[in-house]
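Novice: Next input, structure requested:
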Amino acid sequence: MNKEFKHSPRRRTLLKGAASMGALAAAGAPAFAAAAGVADPWARAQEIQRRFATPLAFPKRDFPITAFGAKPCKLVKVQGYPTIRKKGELETQAPGSHDSHPALRAAIEAAHKAGGGRVVIPAGNWYLKGPITLLSNVHVHLQAGAQVLFSANPNDYARDGDYDCGKSGKLVLSRWQGNDCLNFSPLVYARGQKNIAITGEDWTSILNGQAGVPFEDGGGSCWWGMNPKAALPGAVHQGVPNPANPASLAEVAPQLDAATRARIQGEGERWRSDERYLPALSEAGIPPEKRIFGLGHTLRPCMVEFVDCTDVLMQGYLVINTPMWIHHPVNSRNVHINKVRMDSIGPNSDGVDPESCDMVLVNGCEFNTGDDCIAIKSGKNRDTQYGPTRDMLIQNCVMNSGHGGITLGSEMSGGIEHVYAQNIEFRNAHWASDPLWTAIRLKSNMNRGGYLRHLYVRDITLPNGVQTTPRPYKPLPGTMPAGAKAPSTGGGAVLTIDCDYAPSDDSVRTRPPEVSNVHISRVRASNVNGPDGAFSCNQIMVVLGPVAAAFNGVAGTPVLPLSDISITDADFGTPRNAEEPWFVYNVKRLKLTNVRIAGKTINTELNA
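Specialist: Residues are numbered from 1 along each chain as shown. Predicted coordinates for the structure are as follows:
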């Protein structure tokens, strides 16, 4: 390593008592009346919104990238993956195009050195052989008609990082599905910066990750080919054992006893795949500076990732074809994502994934994604040092396709609390060919644990319902009661709470999750006409509490039921499974008040 590795010392202990309230006020955030027990929980959401009423300020001086040597490129057509589901034609930069990355980097550095300013990317197509790395007090702005095409070359994202990892490249500190590691730089990246922004004039301002464009080495693969869905035959991808990883954890964690190593590794060789090896390193207590990936590995970078940053704005652009998660702020504070359109039907193309962040506003965004539209995170396995995600407001958004519209989890070991969503249209525009699986989805398991509490959702519409066919849950053998029918936790419900999400993914299952205080009101779901009738969903809700038999930790550890959940003033249309409009397991005090299902009004409390 050529640089000392440090985690941010910042730990959020806010809102945990009177002393914490004082710390919050001193930090400049609103002192929440709701924390003291005010009757209206939405008062806290109003305070979150007020926090972002004053826009970020930057010095009024521009740094056009053309002044530093940037030149536009021409486009040609190539064969690749427009979406992960089909091959087809894509536009990319012409061979021999000018690399504008040095110019853009120089403009950012000049603006930062001058005390801040706006780096301007004019109309045209601009090819970058490397990431946009933001620095404090710098605002990168794409004018109308500007498109940034990031190179389809992993070497360009393992060239300039802070950590020299030899043959793996010069890498950056990142997080991959909830675990810290050294990896490829995200395509837009910052770490430890303050007062930063990336914006567009409108949705003709495009950030293009080119994840379906063949790599420039001519090998035929692409970023999405690191996932099993687009991998070349016989190629190493994230889901198969990587020969670059050791044959035993004993090589990297000799301090562990044989029984502990065996439990972390599980059966067979699949723990050696990159997607499982990283969480195994976390479980084994290996520090992040020794979790080296990058070249020779298959963990795709996020599109936009800000780590340990304060006062962050992402606004007004279109982002397409991203390698992994689209927006991933980590351990950051005062994060505003405003009027951004996301269109990436790729593997793990979540739209917005705030992780262990304080104070987040997502407003006026449109989602068309290959995975969850919004997925709120807070670490996985033992990587919980950044604490929970808390105080997040989502409003005035449109969700067209994806797995979950608003999702909490599954990587949420540090906890999630005080999340508010209002005025959301789960439009499900592609319902006939690519439906939205679930509108509101909470997911954890006995490995990810953590807590989910104080989720408030109101004024949501589903003009085309959600997926109307089931996506059944696959429990571990022998963990469900004999004769019990496996619920449809994967999709087909307006609301899903799944506390046994993908249980076979984790061999260590020692952390029971806790879910409480989920309140949803004013829901309007409409039916769509299919070949066998008009339906809005498969079931209105699937609520699967923790499955105690999946736990393999210390005997006697409490496994708590879900509690204090309410749905009020809702019309769910007609579920396909009208005989069993809901599934409920291990839950207390789930109240339905003035809830209409297939034209019938229901008022009841469910305990199971």
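Novice: From here on, just use CA atoms for contacts and neighbour counts.
Specialist: Fine.
Novice: Break down the stretch 451-600 of the chain into its strands, ranges please.
Specialist: Along the stretch 451-600 of the chain, the stretches classed as strands by DSSP state E, counting those that start in this stretch are 451-462, 493-498, 514-525, 528-530, 533-535, 539-544, 562-571, 582-585, 587-597, 600-606.
Novice: most neighbours per residue, which of those strands?
Specialist: strand 493-498 (a mean of 28; mean count of other C-alpha atoms under 10 Å).
Novice: Quick one: mean pLDDT over that strand.
Specialist: Throughout strand 493-498, pLDDT has a mean value of 98.
Novice: Then stretch 139-146?
Specialist: Rounded mean pLDDT across stretch 139-146 is 98.
Novice: Can I get that stretch as PDB, trimmed to CA atoms?
Specialist: Presented in PDB, the C-alpha positions along stretch 139-146 are these (Å, rounded to 0.1, in the frame of the first residue of the first chain):
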ATOM      1  CA  HIS A 139     -19.700  21.500  -9.000                       C
ATOM      2  CA  VAL A 140     -19.500  19.500 -12.300                       C
ATOM      3  CA  HIS A 141     -22.300  20.500 -14.600                       C
ATOM      4  CA  LEU A 142     -23.400  18.900 -17.900                       C
ATOM      5  CA  GLN A 143     -25.100  21.400 -20.200                       C
ATOM      6  CA  ALA A 144     -28.100  20.400 -22.300                       C
ATOM      7  CA  GLY A 145     -27.100  17.900 -25.000                       C
ATOM      8  CA  ALA A 146     -23.900  16.800 -23.200                       C
END
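Novice: Show me what it is in contact with.
Specialist: 58, 108, 116-126, 134, 196-206, 317 (C-alpha atoms under 8 Å, 6 or more residues apart in numbering).
Novice: Please flag which of the residues you listed sit within strands.
Specialist: Judged by DSSP state E, the contacts of stretch 139-146 include 117-121, 124-126, 196-200, 206 as members of strands.
Novice: Restrict stretch 155-171 to CA atoms and write it as CSV.
Specialist: Output of stretch 155-171 as CSV, limited to C-alpha atoms (Å, rounded to 0.1, in the frame of the first residue of the first chain):
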residue,chain,number,x,y,z
ASN,A,155,-7.9,-0.8,-16.4
ASP,A,156,-9.0,2.9,-16.5
TYR,A,157,-10.7,2.5,-13.1
ALA,A,158,-7.7,0.7,-11.5
ARG,A,159,-5.1,3.3,-12.5
ASP,A,160,-5.4,6.3,-10.3
GLY,A,161,-6.6,5.1,-6.9
ASP,A,162,-5.0,6.0,-3.6
TYR,A,163,-4.0,2.4,-2.8
ASP,A,164,-1.3,0.6,-4.9
CYS,A,165,-2.4,-3.0,-4.8
GLY,A,166,0.2,-4.3,-7.3
LYS,A,167,-1.2,-6.5,-10.0
SER,A,168,-4.8,-5.6,-8.9
GLY,A,169,-4.2,-2.0,-9.8
LYS,A,170,-4.3,1.3,-7.9
LEU,A,171,-7.7,1.0,-6.2
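Novice: Tell me the buried residues in that stretch?
Specialist: The neighbour-count check on stretch 155-171 (16 or more other C-alpha atoms under 10 Å) flags 155-165, 168-171 as buried.
Novice: And those residues, which is closest to residue 406?
Specialist: Closest approach between the buried residues of stretch 155-171 and residue 406, by C-alpha to C-alpha: residue 157, at 30.3 Å.
Novice: does that closest one really touch residue 186, like I thought?
Specialist: Yes: with contacts counted by C-alpha atoms under 8 Å, residue 157 reaches residue 186, the gap being 7.4 Å.
Novice: which ones are touching residue 230?
Specialist: For residue 230, the contact set (C-alpha under 8 Å, 6+ apart) comprises 84, 224.
Novice: where along this protein do the helices fall?
Specialist: Secondary structure of the chain (DSSP state H): helices located at 18-26, 42-51, 101-113, 258-265, 274-283.
Novice: Please identify the most buried of those.
Specialist: Of the helices of the chain, the one with the most neighbours on average (mean count of other C-alpha under 10 Å) is helix 274-283, at a mean of 23.
Novice: That one versus helix 258-265: what angle between them?
Specialist: Going by axes from the mean of the first three to the mean of the last three C-alpha atoms, to 10 degrees, helix 274-283 is angled at 140 degrees with respect to helix 258-265.
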